[in-house]
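Peer 1: Structure for this input, please:
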Amino acid sequence: MLTRHQGQAMVLSLILMSFALMVVIFSFNASQLNLNSSRLQNTADNTAYSIATIAARDFNFKAYTNRASVANQVAVAQMVGLSSWFNMTDKFAKNACDTLCWVPYLGQVLSGIESAVGAINSVAQPVLEALVYAEDVILQTLAMSQQIVHYAGLTSTVITADDIVKANDPKAKLDLMQNPQMLNDVRNVWVKFQKRHSRSNQNQNQNQNQNQNQRSRSQNNSSQFQDFITVSLDSRDSFSKSRSYKLGFPWSFTAFPLRWKTYKAGGSELISNGNNEAETWTSMDTISFHLSKFRCSWSGCRWRGYNEIPLGWGATRSDNRANIERVGNNSSWGSSRNRNGWASRYAGDDQETRGGYNGVQPFYGLANGAQSKNQTENIAVVISKSQNNIRTSSTVDVGEDNTNPAQSEQMLGDRMTAISAAKVYYSRPYDLMISSSAWRRSDGRHEYGNLYNPFWQTRLSDTTNTERNVVLALTRML
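Peer 2: Got it, this is the predicted structure:
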């Protein structure tokens, strides 16, 4: 026999509905927190990566302009070298005409050659002088552009970072009170990791190093300003570095017991004028006959004499700070003094000044403390978002506080916080190195970071315990 039971199920339904509602609310809160946390972390990553990218572009711009400065230094050496070479050729044509223009028929040919060479030289010299002036302006412009980009990058980081935060999440905030690490990291990258090297701070570094121990002196006395000069000298083309050679037959031959040799010597050199004076590009070109006789004496039989007959000479400097007669040594200008001593003296006496060169300009390179490093320290960025801007149930006034299921979502400092870090690192493009040997070092050695090659790149990095603890402490206090 069936028995019918009657009653109300509303109480049980309300209890079940309450549990279901709490599950929905907690699920909604969890999804909102997860969504906002991921979005905030992406914003922090983008901001840190963008600041590091600004730094990488700053480094690469300076590397490009340093290479351009080296190329223009070599161009000044070429202009000065061409000037002295044209002067030597002009002098050679004049000497040849003075000696042989009395010879019938040959004299007319030599006179025509002298006139043509003289006309070419008279046109070439002012053109070369103008080019030296132009190259000096370019060098100063490159140095100035480095400073402009340097300070523009330094000052734009905070503005750019704030714009990136707003573009990614308008409700997020780059709070400078939470970012003392970011400001210090930016300062380290732009002020401590790199330095503007000049003639003056080269001398300061040398004076400071005198008070350090022997090991420190051996590491720091290698001035980067002097290194830049060395790079410029090593980058000279074959014409600028040394245009010295022995002429073949009929300029050099042996008719026993006489032997003739004709040597052409020349080159361009960057001369230092002292600690506080700008450098000078100088050039010298000489050509001379050398006559020797085969003679015997008590010491034996051999070629003796080597009497020099100067044929042509020329010397040019980019400004009047250096006197070619008093600078250089026997190996300078393609060993001109060693090979053609008399012609070199005449060249020094007849030296000319072409242009208004103002020396090697200041440039940016890595600081001494950043030598043998391939990356910067972390650039840490902290992004926060007020809890009121996160749409959880805690932002809605429903019921009493003790009945609000979102109380368990209370955030430290009433905000959600994300931290991210990025680094700038130096690396040759290995993918391109595999496909082409042009990207590899010819010596195969490891290359540390420098501001001569534009191989600086950006990557996100792990934050350190110190960085995270600082953010935690600041979040508690603010």
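
Peer 1: All the helices of the protein, in order from the start?
Peer 2: Applying DSSP state H to the chain gives helices spanning 10-100, 106-168, 180-187, 199-209, 214-220, 224-234, 238-241, 332-339, 341-349, 430-435, 465-477.

Peer 1: And those helices: which comes nearest Ile390?
Peer 2: Checking the helices of the chain against Ile390 by Cβ to Cβ gives helix 10-100 as the closest, at 5.0 Å. To be clear about C-beta, it is placed using only N, CA and C from the backbone, and glycine gets the same treatment.

Peer 1: could you give me the average pLDDT of that closest one?
Peer 2: Per-region confidence: helix 10-100 scores 87 on mean pLDDT.

Peer 1: That one: how far from the chain's middle?
Peer 2: Counting by Cα atoms, centre = their mean, to the nearest Å, helix 10-100 is centred 14 Å from the centre of its parent chain.

Peer 1: ditto for stretch 136-144
Peer 2: What separates the centre of stretch 136-144 from the centre of its chain is 14 Å, taken as Cα atoms, centre = their mean.

Peer 1: Mind putting the helices of the chain into a markdown table with mean neighbour count?
Peer 2: Formatted as a markdown table, the helices of the chain follow (neighbours: other Cβ atoms under 10 Å):
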| stretch | mean neighbour count |
| --- | --- |
| helix 10-100 | 19 |
| helix 106-168 | 16 |
| helix 180-187 | 18 |
| helix 199-209 | 14 |
| helix 214-220 | 12 |
| helix 224-234 | 17 |
| helix 238-241 | 17 |
| helix 332-339 | 24 |
| helix 341-349 | 20 |
| helix 430-435 | 10 |
| helix 465-477 | 14 |
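
Peer 1: Quick check: which of the ones you listed is nearest to Gly267?
Peer 2: helix 332-339 (3.7 Å).

Peer 1: Nearest to Asn358, out of the helices of the chain?
Peer 2: helix 106-168 (5.6 Å).

Peer 1: other SSEs contacting the closest one?
Peer 2: Secondary structure elements in contact with helix 106-168, counted by 3 or more Cβ pairs under 8 Å, 6 or more residues apart in numbering; DSSP states H and E, are helix 10-100, helix 180-187, strand 194-197, strand 363-366.

Peer 1: And these: which comes nearest Ile271?
Peer 2: Going by Cβ to Cβ, the one of the helices and strands packed on helix 106-168 nearest Ile271 is helix 10-100, 11.0 Å.

Peer 1: Tell me who's in contact with the nearest residue to Ile54 once chain neighbours are set aside.
Peer 2: Closest residue to Ile54 apart from its sequence neighbours, by Cβ to Cβ, 6 or more residues apart in numbering: Gly153 at 5.4 Å. Each residue near Gly153 by Cβ atoms under 8 Å, 6 or more residues apart in numbering is listed here: 54-55, 57-58, 190.

Peer 1: repeat for Ala96
Peer 2: So Ala96 contacts 110, 113-114, 311 (Cβ under 8 Å, 6+ apart).

Peer 1: between these, which is closest to Ile379?
Peer 2: Out of those, the member with the shortest distance to Ile379 (by Cβ to Cβ) is Leu311, at 64.0 Å.

Peer 1: Next one: that closest one relative to Ile287, how far apart?
Peer 2: Separation of Leu311 from Ile287 (Cβ to Cβ, to the nearest Å) stands at 5 Å.

Peer 1: Comparing those two, which residue is more hemmed in?
Peer 2: Ile287 (25 against 21; other Cβ atoms under 10 Å).

Peer 1: contacting residues around that one?
Peer 2: By Cβ under 8 Å, 6+ apart, the neighbours of Ile287 are 88, 92, 262-265, 310-313, 340, 343.

Peer 1: One more pass at 6 Å, please.
Peer 2: Contacts here follow Cβ atoms under 6 Å, 6 or more residues apart in numbering; on that basis Ile287 touches 264, 311-312.

Peer 1: can you tell me how far it sits from Gly334?
Peer 2: Taking Cβ to Cβ, one finds Ile287 at 12 Å from Gly334.

Peer 1: and if you look at Tyr364?
Peer 2: Taken as Cβ to Cβ, the span from Tyr364 to Gly334 is 33 Å.

Peer 1: got it, and Met182?
Peer 2: Applying Cβ to Cβ to Met182 and Gly334 gives a distance of 55 Å.

Peer 1: do Ala421 as well
Peer 2: 54 Å.

Peer 1: now swap in Arg57 and tell me
Peer 2: Taking Cβ to Cβ, one finds Arg57 at 41 Å from Gly334.

Peer 1: go on, Ser386?
Peer 2: 73 Å.

Peer 1: again with Asn320
Peer 2: 23 Å.

Peer 1: Poorly predicted segments of the stretch 251-400 of the chain, please.
Peer 2: Across the stretch 251-400 of the chain, the ranges flagged by pLDDT under 70 are 303-305, 391-400.

Peer 1: could you pull out the strands for it?
Peer 2: 253-255, 258-271, 280-297, 300-317, 352-353, 363-366, 379-386 (DSSP state E, counting those that start in this stretch).

Peer 1: Which among the ones you listed is found nearest to Asn465?
Peer 2: Nearest of these (Cβ to Cβ): strand 379-386, 12.0 Å.

Peer 1: Show me what the closest one is in contact with.
Peer 2: Applying Cβ under 6 Å, 6+ apart, the contact partners of strand 379-386 are 40, 43-44, 47-48, 51-52, 165, 171-173, 175, 178-179, 181-182, 185, 415-422, 467, 471.
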